[in-house]
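# sequence plus the predicted model coming up.
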Amino acid sequence: MMARAAGKRVAGVLAAMPILLAPILGPVIAGAILQFASCRWLFWSTPPFGVLALLLAVRRETALKGPDLVRKFV
């Protein structure tokens, strides 16, 4: 439904989905982890996501070099 409403700007809409869903799903997932496990599990479950985000950012940074960098974001 969102893709149909976005039309030609579908990539921008889909790129914004994590920004919209993170504040909703983050506390729900953290609450579920705390309900069934301890705070230690909550702490140890977050570093893999941070490492994954860092690796994806580095991969994207190395893929966007030179004039392509401006074209990708404009």
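In hand now; what should we look at?

# now the lengthiest helix in the chain: buried residues?
In the chain, taking DSSP state H as the definition, the longest helix is helix 10-36. Within helix 10-36, the residues scored as buried using 16 or more other CB atoms under 10 Å are Ile33. Every C-beta, even on glycine, is put in place using the N, C-alpha and C of the backbone.

# mean confidence score for it?
For helix 10-36, mean pLDDT is 85.

# following that helix, which helix or strand shows up next?
Counting by DSSP states H and E, the next helix or strand C-terminal to helix 10-36 is helix 39-63.

# can you spell out the domain ranges of this protein, please?
The chain is divided into the following domains under automatic domain parsing: 1-36, 46-74.

# that older thread, next, the angle helix 39-63 makes with the longest helix of the chain.
Using axes from the mean of the first three to the mean of the last three CA atoms, to 10 degrees, one finds that helix 10-36 and helix 39-63 are set 160 degrees apart in direction.

# just how off-centre is helix 10-36 within its chain?
8 Å (CA atoms, centre = their mean, to the nearest Å).

# helices or strands up against it?
Here helix 10-36 touches helix 2-6, helix 39-63, going by 3 or more CB pairs under 8 Å, 6 or more residues apart in numbering; DSSP states H and E.

# now the last one, how far from the chain's geometric center?
Taking the mean C-alpha point of helix 39-63 and that of its whole chain, the gap between them comes to 10 Å (CA atoms, centre = their mean).

# so which elements touch that helix?
Using 3+ CB pairs under 8 Å, 6+ apart, helix 39-63 is in contact with helix 10-36.

# fine by me, we can end here.
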